[in-house]
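Enquirer: attaching a predicted model along with its sequence, questions to come.
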Amino acid sequence: MPDLYPLARRILFSFDAETAHHLTLSGMKMAHSARLLSGLTGGEKSVESNPVEVMGLTFPNRVGLAAGLDKKGEAVSAFGDLGFGHVEIGTVTPRPQPGNEKPRLFRLKEYEAIINRMGFNNPGVEGLLENVSRSRKEFDGVLGINVGKNFDTPNEDFLSDYLDCFEAVYGAADYVTANLSSPNTKGLRDLQSADTCRELIQKLQEKRDDLKPMHGDKSVPIVIKIAPDLSDDAIKGLAEVFSETKIDGVITTNTTIERAAVSGHPQAEEAGGLSGAPLTDHSTEVLALLRREMDDQVPIIGSGGVMAAADAQAKFDAGAALVQVYTGLVYRGPELVREIAGLG
């Protein structure tokens, strides 16, 4: 099957980044509905099946879609057609919110990078669940739902937003990720302190104990996503918390606010999180440090700068059980999914 994505990318890159994003999702949904997407891309049938057990769940392969691409949960089965073993949707908040003002998404093509300051634009948890009820029907992989707080919820009240979202998505999710690490909601990263993180994990675990009997004893794994911009001491402190609380999983990492790797680019100083190739090495370093410091029973999902199979292999070698892609998919297309799934 010839790789058609380079042609599609040329067309999509002729539009501004956010327009291209919406066109891609709309096109994928239509192609999936017409039973064309898997055939056009080589899709799930061309992706090697290498099942792996992580967090008590069976993942068809070790590569997933990172949160942020399908914020509304409207294209789950379509992404399944590309061969992803898991799809993480969101970030979703209790109430709908429009996100930050446009423009808020920028390509740095010379660096295979993206800067975004989307700001948790999403339909709210009820809207997301309505979408998932339609979009997941033909997806056989693992569904993660990434949750956060509304931008106008004070940090001192953050627990209620995370707990409300967790309760709402519990029945639909295979695992739930608490996003404490986006740089695009003011004050959110302040919640990554060891004490605050411990409190959140414990409250979520208590809520899970309450919810299990209502869902046929279903126990939904709880995952925390951290930033790449933490100090080594902060990472070590979180590793202690993750080990102590026996968190089900950790995602390393979200986007970075550092700009040294793209210094001089006309858009380098745009506010937001930088993703893609400039993040690759540092994200893997954070993963490796966390792996060394944390209980080896807690799995890590490696995200951040996975642009090629070699980048995924480096994360596996550093201790990741799974990897996720986002910016790599934008620049490389579905071929990247097949390459990583083939690593075994």
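Expert: Yep, that arrived.

Enquirer: residue 284 - how many residues pack around it?
Expert: Residues near residue 284, counting by other CB atoms under 10 Å, number 24. For glycine as for every other residue, the C-beta is placed from the backbone atoms N, C-alpha and C.

Enquirer: over to residue 108?
Expert: Residue 108 has 21 neighbours, counted by other CB under 10 Å.

Enquirer: report pLDDT for it.
Expert: Note on residue 108: pLDDT of 98.

Enquirer: check the one 5 residues further on too.
Expert: For residue 113, the pLDDT comes out at 98.

Enquirer: who's in contact with the residue lying closest to it once chain neighbours are set aside?
Expert: Closest residue to residue 113 apart from its sequence neighbours, by CB to CB, 6 or more residues apart in numbering: residue 276 at 3.6 Å. Taking CB atoms under 8 Å, 6 or more residues apart in numbering, we find residue 276 in contact with 108, 111, 112, 113, 114, 305, 307, 327, 328, 331.

Enquirer: cool, and residue 122?
Expert: 71, 72, 90, 91, 92, 93, 96, 97, 99, 128.

Enquirer: quick revisit: dump the contacts of residue 276 to a markdown table, plus secondary structure and distance to residue 171.
Expert: Converted to a markdown table, the contacts of residue 276 look like this (DSSP: H, G, I helix; E, B strand; the rest coil; distance: CB to CB, whole Å):
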| residue | secondary structure | distance to residue 171 |
| --- | --- | --- |
| 108 | strand | 40 |
| 111 | helix | 41 |
| 112 | coil | 38 |
| 113 | strand | 37 |
| 114 | strand | 33 |
| 305 | coil | 34 |
| 307 | coil | 35 |
| 327 | helix | 31 |
| 328 | helix | 31 |
| 331 | helix | 35 |
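
Enquirer: tell me the two of these that are most distant?
Expert: Spanning the widest gap among the contacts of residue 276 are 108 and 328, at 14.1 Å by CB to CB.

Enquirer: related to what we said a few turns ago, of the contacts of residue 122, closest to residue 266?
Expert: residue 99 (23.3 Å).

Enquirer: next, count neighbours for that closest one.
Expert: Neighbour tally, residue 99, other CB under 10 Å: 17.

Enquirer: sorry, back to before: residue 152 versus the residue nearest to residue 113, what's the distance?
Expert: According to CB to CB, to the nearest Å, residue 276 and residue 152 sit 30 Å apart.

Enquirer: how about residue 241?
Expert: Computed as CB to CB, the residue 241 to residue 152 distance reads 27 Å.

Enquirer: for residue 312, same thing?
Expert: Counting by CB to CB, the gap from residue 312 to residue 152 is 38 Å.
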